[in-house]
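**Q** Fold the following for me, if possible:
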Amino acid sequence: MIQVTPKLKTEYGDFQTPLELAEKICHKLLELGVSPDMIVEPTCGIGNFIQAAAYSFPSASKIIGLEINQDYIQEIVNNHQLLNDERIQVQQGNFFEFDWSSLRDEFSGKILVLGNFPWVTNSQQGVISGNNLPQKTNFQNHKGLDAVTGKSNFDISEWMLIHSIQCLQKHEAYLAMLCKTSVARKILNYLYSQSLNLAYCATYKIDAKKYFNATVDACLLFCKFDSTSQNYFCNVFDSLNSDTYYRIGYRNNTQIRDVMSFDRLQDLHNPKMGLKWRSGIKHDCSSVMELCKVNDTFINGLGEVVDIEETYLFPLVKGSDIANNRTKSVKRYVLVTQSYIGEKTEEIRDLAPRTWKYLETHSKYLDNRKSKIYQNSFRFSIFGVGSYTFAPWKIAICGLYKKLDFRLVGKMDDKVIVFDDTVYFLSFDDERIASQTFALLTSAPAIEFYSSLIFWDEKRPIKSSILNSLNLSALAKRLSIKLQYFVK
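**A** Numbers count the residues shown, from 1 in each chain. As a prediction, this is how the structure comes out:
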C-alpha cells in the first residue's frame, strides 16, 4: 500500500477514488447511454477508474491513463487484471504538459474523459510551495483588484476541466468528473459565458465524507458534447440513484439555482424595484470595539474592564445570534463612532471624553487595521453605518447560514440594536409596517422565490443582491395584501 505524505497529498489533491465509487459511476454512465470508443483518465492515480471502465465498457477500443506519480504507475503495472487488458495504455506524465489536442485529433470516435481531478486550489499550492500548477495566467480574465484578491484564487480542477472541455469541443464526447459542487457550477458558467457547445449537463451528489473523508460538497459532473447544441442548463440530482432533480439555468444572464421554481415566480423578480437590504457594521477590531456587559461592567476582548460613557455604545447582535434567534437578551455591545460614513470623529472628544481616551489608548490596534477602506478616513472610522442603522425596527437575516430565517428586531433598553457585517437587514420607523413586511418575507412564495436563487453550498449563500431582487409590491399583489410600506 502506497503511503502519501501530507504535503504530497495536498499538492496533488490526492483523493484516490475507491473502486466501489468508480464502479457506481460507470454504472450510472451506462444508464445514461454513454458508449465511448475511447476512454481517457487524465490523472489516473492507482487505476481504479481504469479498472471500472475496462469492465463496464467492453466495446471501448482504447483506454488511456496518464499519471504523474511513478509509484502509482507501478501499482497499476502490478495489477495483473489491468496488465492483461491490451486496450489499456498507462504512462507517466504531467497533465499540464501533455498534448491532449493531438490525442483527440488522432481519434475519430466517441471520447469519454473520466476521473477525479485534484481537489486543491492554487493558493493552497502556494502555502506548501507546491509546483503542481498550470502556467500562471489570469484565465478567467479578472480585472483590477479581482485579479489580485480572492477572485483570482481557483481550484486546480477548474482549470483542468476547462482545458478538457476545450479539447472536446466540436466532437461527440462525454465528460464525467468528480469535483466540488461549486466547481461544477463554475464550469457551467464558463460554457455559457464562452458560448461553447453543450448537449446535456447533470450533477450527482457524492458523499465526500464517506468516500474521501473530506468535508466538502462534491458531485459527479457529467457533460455530453456534440458539434451544435448549446443547452446551458444542469440537472442536479441528490445522488447517483436519484430520479428527481432541480435545474440550474440562466435568466437575464444570471445563473439561477432552480429555474423551474423561478419561472413560476418570475413576476416577483425585479432588482430595480426591490428592497434595499443593508449590511451591518464593519470595524475590523473586535477586541477593542466590542464589549461584553457583565454585572453592569463592560469588558473588552482584551479582558480589560472598560469605563466609558454609553453615548456611543449600542447593543450588538451578531449573525450567529440572528440565525439561532438570540435577539431578546443581548450582553454584547459595540462602539459606533459615526452616524454616517465619512463623519468626523473628533467630536467624540467633547461629547464623551472617556470614550475618546479609550480609543486613543487602544489606537495601536485601530490605526493598524489592514483593510484599505480605513486609509484616508477619519481616525477610528467604521463602515456600514447610516440613518438606517439607528431605525428602531429592523428585519434581519444572517448571510452565512444555510437557512432562510428572518428575524423581526426592536429596541433593547431604549437603544436600537445594531448588527455585525455578516447580517443583512431592512430598517423601519414604524412597527406596524415592519411587521407587515416581515409577514410578506416569511410567506411561502417569498421563501420559494429566494430559494430558487440561493446556492446553499457557498460560503456566504445569502447575498444582498439576491435579497434585493424581490419585488415586494408584486408579492403583496400575489397574496392579495394591500401594501403600505416605507423602508429606510
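**Q** residues touching residue 369, list them.
**A** 284, 285 (Cβ atoms under 8 Å, 6 or more residues apart in numbering). For the C-beta atoms, the positions are set from N, CA and C on the backbone; glycine is no exception.
**Q** any idea how far it lies from residue 220?
**A** Distance of residue 369 to residue 220, given as Cβ to Cβ, to the nearest Å: 44 Å.
**Q** Ok, residue 339 next?
**A** Taken as Cβ to Cβ, the span from residue 339 to residue 220 is 53 Å.
**Q** of the two, who's got more company?
**A** residue 220 (23 against 12; other Cβ atoms under 10 Å).
**Q** average pLDDT across the one helix or strand that one maps to?
**A** Secondary-structure assignment from DSSP states H and E places residue 220 in strand 218-225. Strand 218-225 carries an average pLDDT of 97.
**Q** From the contact counts, what lies against it?
**A** Counting contacts by 3 or more Cβ pairs under 8 Å, 6 or more residues apart in numbering; DSSP states H and E, strand 218-225 is packed against helix 19-31, helix 156-168, strand 173-180, helix 181-193, strand 200-206.
**Q** ok, 6 Å please
**A** When contacts are defined as 3 or more Cβ pairs under 6 Å, 6 or more residues apart in numbering; DSSP states H and E, strand 218-225 sits against strand 173-180, helix 181-193, strand 200-206.
**Q** can you put those in a markdown table and add distance to residue 255?
**A** Conversion of the helices and strands packed on strand 218-225 to a markdown table gives the following (distance: least, Cβ to Cβ, whole Å):
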| stretch | distance to residue 255 |
| --- | --- |
| strand 173-180 | 16 |
| helix 181-193 | 6 |
| strand 200-206 | 12 |
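**Q** Nearest to residue 324, out of these?
**A** Closest approach to residue 324 among the helices and strands packed on strand 218-225 is made by helix 181-193 (25.6 Å; Cβ to Cβ).
**Q** Mind listing what's buried along that closest one?
**A** For helix 181-193, burial by neighbour count (16 or more other Cβ atoms under 10 Å) applies to 181, 182, 183, 184, 185, 186, 187, 188, 190, 191, 192.
**Q** Just give me the closest of these to residue 305.
**A** For those, the nearest to residue 305 is residue 182 (45.0 Å; Cβ to Cβ).
**Q** Let's see the helix or strand encompassing residue 437 as PDB, backbone CA atoms only.
**A** According to DSSP H and E, residue 437 maps onto helix 431-441. The C-alpha trace of helix 431-441 is given here as PDB (Å, rounded to 0.1, in the frame of the first residue of the first chain):
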ATOM      1  CA  GLU A 431     -43.600  48.800  13.900                       C
ATOM      2  CA  ARG A 432     -46.800  48.100  12.000                       C
ATOM      3  CA  ILE A 433     -45.100  48.400   8.600                       C
ATOM      4  CA  ALA A 434     -42.100  46.300   9.800                       C
ATOM      5  CA  SER A 435     -44.500  43.600  11.000                       C
ATOM      6  CA  GLN A 436     -46.400  43.700   7.700                       C
ATOM      7  CA  THR A 437     -43.100  43.400   5.700                       C
ATOM      8  CA  PHE A 438     -41.900  40.600   7.900                       C
ATOM      9  CA  ALA A 439     -45.100  38.600   7.200                       C
ATOM     10  CA  LEU A 440     -44.500  39.100   3.400                       C
ATOM     11  CA  LEU A 441     -40.900  38.000   3.600                       C
END
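**Q** I'd like to know which elements that helix is packed against.
**A** Contacts defined by 3+ Cβ pairs under 6 Å, 6+ apart place helix 431-441 against strand 393-398.
**Q** following the strand it packs on, which helix or strand comes up?
**A** Heading C-terminal from strand 393-398 (DSSP H and E), you reach strand 407-409.
**Q** Which strands border that next one, and is each parallel or antiparallel?
**A** The pairing partners recorded for strand 407-409 under DSSP bridges are strand 393-398 (antiparallel).
**Q** tilt between the strand it pairs with and helix 431-441?
**A** Counting by axes from the mean of the first three to the mean of the last three Cα atoms, to 10 degrees, strand 393-398 points 30 degrees away from the direction of helix 431-441.
**Q** And strand 393-398, how far out from the chain middle?
**A** 23 Å (Cα atoms, centre = their mean, to the nearest Å).
**Q** and residue 65, how many neighbours?
**A** Using other Cβ under 10 Å: residue 65 sits among 27 other residues.
**Q** what residues are up against it?
**A** Residues near residue 65 by Cβ atoms under 6 Å, 6 or more residues apart in numbering: 41, 44, 50, 90.
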